[in-house]
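[1] Give me the fold of what follows.
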Amino acid sequence: MLLSAVIPVYNEVDSLETLYDQIVVIAKNDRFDLEIVFVDDGSRDGSWDVIKRLADADARVHGIRFRRNFGKAAALNAGFSETRGEIVFTLDADLQDDPAEIPRFVDQIEHGLDVVSGWKKIRHDPWHKVFPSRVFNYMVSKLTGVHLHDHNCGLKCYRREVLGEVRLYGELHRFIPVLAHARGFRVGELIIHHRPRQHGHSKYGLGRFIKGFLDLLTVKFLTGFGQRPLHFFGTLGLVFFLIGSLGLSFLAFDWTANWLHPRPTHIPLHQRPAVLYSVAALLLGGQLLSLGIVAEMITAYHGRDRDTYSVTERTVARVATQDRVGHESSL
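    I've put the predicted structure just below:
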């Protein structure tokens, strides 16, 4: 079995050789065929020199260097495209992910899972990083239905088929298990040993969680309505259209009743805020319906069959062979 490791690197010069040594030892002890792909995501501290040195010394090591920092999703995507292994695992380059956990992940894949995500149950990170992460993980689990304790963990393991069907862009790397689950793949998690950071510093700040929340909305829409956008926009549009129509109908009825039987307490229509609210709801409903139709047309034009389903296995077609044999025997 060929095992592929994809490791995004951003200013981790002090940890690369140690991480490489640890992975090689694990592969040797468990008799894995191994390839390691380091993706230098615009490092400026000499990380690329270390990667080149490792690649020169070991043919199993490959390196990819970005012109600038493009983000972790881009690094993983580039790494995945270079791998050949039946099983692909990812881990961070800062030594906080322990390579000794890799055989346990591979065992879970061999027992039927398609994606295995790590769970840093005991984290060696500051509280201001741990607490928001737990809130974020809770939100992701509730909104997507994929109940993992640690969606952000860098240590994950995938069956090759998963990477062929999940498209990464932006910062969707943390949602690969969610996207895979939406395609019908089996997802699980393992409690892992999380080590304290030895070198460098964390690359994530407050902006990470804001972007993560926006990405969560993107994933929720893609997995729920990616192939039927009119169901989402159309439903909202119909609700607002109905509210606006009912509001204007009531106002028209009230105006007609007052015209037939004038009331001294009646407020003229141009002084009633309900007119503006009803018209706004009617227009918003129409715009949402139009947006849904346009999105549906784009999806129908650019959509691909493999985006609408996921095949796990096929039977061998025998009818044509039997027909050919029967035809030859008749001759």
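[2] Low-confidence bits of the protein, can you list those?
    Residues of the chain that meet the criterion pLDDT under 70 lie in 199-209, 302-310, 317-331.
[3] Please report the distance of the closest residue to Thr144 other than its chain neighbours from Asn77.
    Nearest non-adjacent residue to Thr144, counting by Cβ to Cβ, 6 or more residues apart in numbering: Val178, 4.7 Å away. Bear in mind the C-beta positions are built from the backbone N, C-alpha and C, glycine included. The gap separating Val178 from Asn77 is 17 Å, by Cβ to Cβ, to the nearest Å.
[4] neighbour-wise, which of those two wins?
    Between Val178 and Asn77, Val178 has the larger neighbour count (other Cβ atoms under 10 Å), namely 25 against 20.
[5] who touches the helix or strand hosting that one?
    Using DSSP states H and E, Val178 sits in helix 176-182. Identification of contacts with helix 176-182 by Cβ atoms under 8 Å, 6 or more residues apart in numbering yields 114-115, 117, 140, 144-146, 148, 151, 156, 158, 162, 165-168, 172, 187, 219, 222-223.
[6] how about a cut-off of 6 Å?
    115, 117, 144, 146, 162, 166, 187, 219, 223 (Cβ atoms under 6 Å, 6 or more residues apart in numbering).
[7] how distant is that helix from the center of its chain?
    Distance, stretch centre to chain centre, for helix 176-182: 6 Å (Cα atoms, centre = their mean, to the nearest Å).
[8] Which element is encountered next along the chain beyond that helix?
    Next along the chain after helix 176-182, taking DSSP H and E as the criterion, comes strand 187-191.
[9] Now do the buried residues in that next one.
    Neighbour counts using 16 or more other Cβ atoms under 10 Å place 187-190 of strand 187-191 among the buried residues.
[10] Looking at the residues you listed, spot the one nearest Gly63.
    Proximity of these to Gly63 (Cβ to Cβ) peaks at Leu190, which lies at 28.5 Å.
[11] check contacts around the closest one.
    Taking Cβ under 6 Å, 6+ apart as the test, what Leu190 contacts is 104, 116.
[12] centroid residue for the protein?
    Nearest to the mean C-alpha position of the chain, counting by Cα atoms, centre = their mean, stands Phe175 at 2.9 Å.
[13] picking up where we left off before, Ser47: which of the buried residues of strand 187-191 is nearest?
    Among the buried residues of strand 187-191, and counting by Cβ to Cβ, the member closest to Ser47 is Leu190, at 28.3 Å.
[14] any chance of the buried residues of strand 187-191 in a markdown table, with distance to His124 too?
    Output for the buried residues of strand 187-191, formatted as a markdown table (distance: Cβ to Cβ, whole Å):
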| residue | distance to His124 |
| --- | --- |
| Val187 | 25 |
| Gly188 | 24 |
| Glu189 | 19 |
| Leu190 | 18 |
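[15] Which one of the residues you listed is nearest to Ser81?
    Scanning those for proximity to Ser81, where the rule is Cβ to Cβ, the winner is Val187, at 22.3 Å.
[16] how near is Ser15 to Gly224?
    From Ser15 across to Gly224, the span is 39 Å (Cβ to Cβ).
[17] Those two: which is more packed in?
    Ser15 (20 against 15).
[18] That one touches Asp97, doesn't it?
    No - counting by Cβ atoms under 6 Å, Ser15 sits too far from Asp97 to count as a contact (10.7 Å).
[19] number of nearby residues for Gly164?
    Neighbour tally, Gly164, other Cβ under 10 Å: 11.
[20] How much space separates it from Phe185?
    Relative to Phe185, and taking Cβ to Cβ, Gly164 is found at 11 Å.
[21] how about the nearest residue to Ser43, chain neighbours excluded?
    Asn11 (4.9 Å).
[22] before we move on, what SS does that neighbour have?
    coil (DSSP: H, G, I helix; E, B strand; the rest coil).
[23] Let me see the ranges of the strands in this structure.
    2-9, 33-40, 61-65, 87-90, 115-119, 156-159, 187-191 (DSSP state E).
[24] got CSV for those, with distance to Pro264 too?
    Putting the strands of the chain into CSV (distance: least, Cβ to Cβ, whole Å) gives the following:
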stretch, distance to Pro264
strand 2-9, 74
strand 33-40, 77
strand 61-65, 80
strand 87-90, 75
strand 115-119, 70
strand 156-159, 72
strand 187-191, 68
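[25] hang on, the earlier thing: if we only consider the contacts of helix 176-182, which is nearest to Arg195?
    Using Cβ to Cβ, these come closest to Arg195 at Ser117, 17.6 Å.
[26] That closest one contacts Leu148, doesn't it?
    Yes - under the criterion of Cβ under 6 Å, Ser117 makes contact with Leu148 at 5.4 Å.
[27] neighbour-wise, which of these two wins?
    Between Ser117 and Leu148, counting by other Cβ under 10 Å, Ser117 is the more crowded of the two (27 against 21).
[28] give me every residue that touches the more buried one.
    148, 153, 156, 177, 189.
[29] Quick check: the residue lying closest to it once chain neighbours are set aside vs Arg104, distance?
    In space, and not counting its chain neighbours, Ser117 is closest to Glu189: 4.6 Å by Cβ to Cβ, 6+ apart. Glu189 is 11 Å from Arg104, where distance means Cβ to Cβ.
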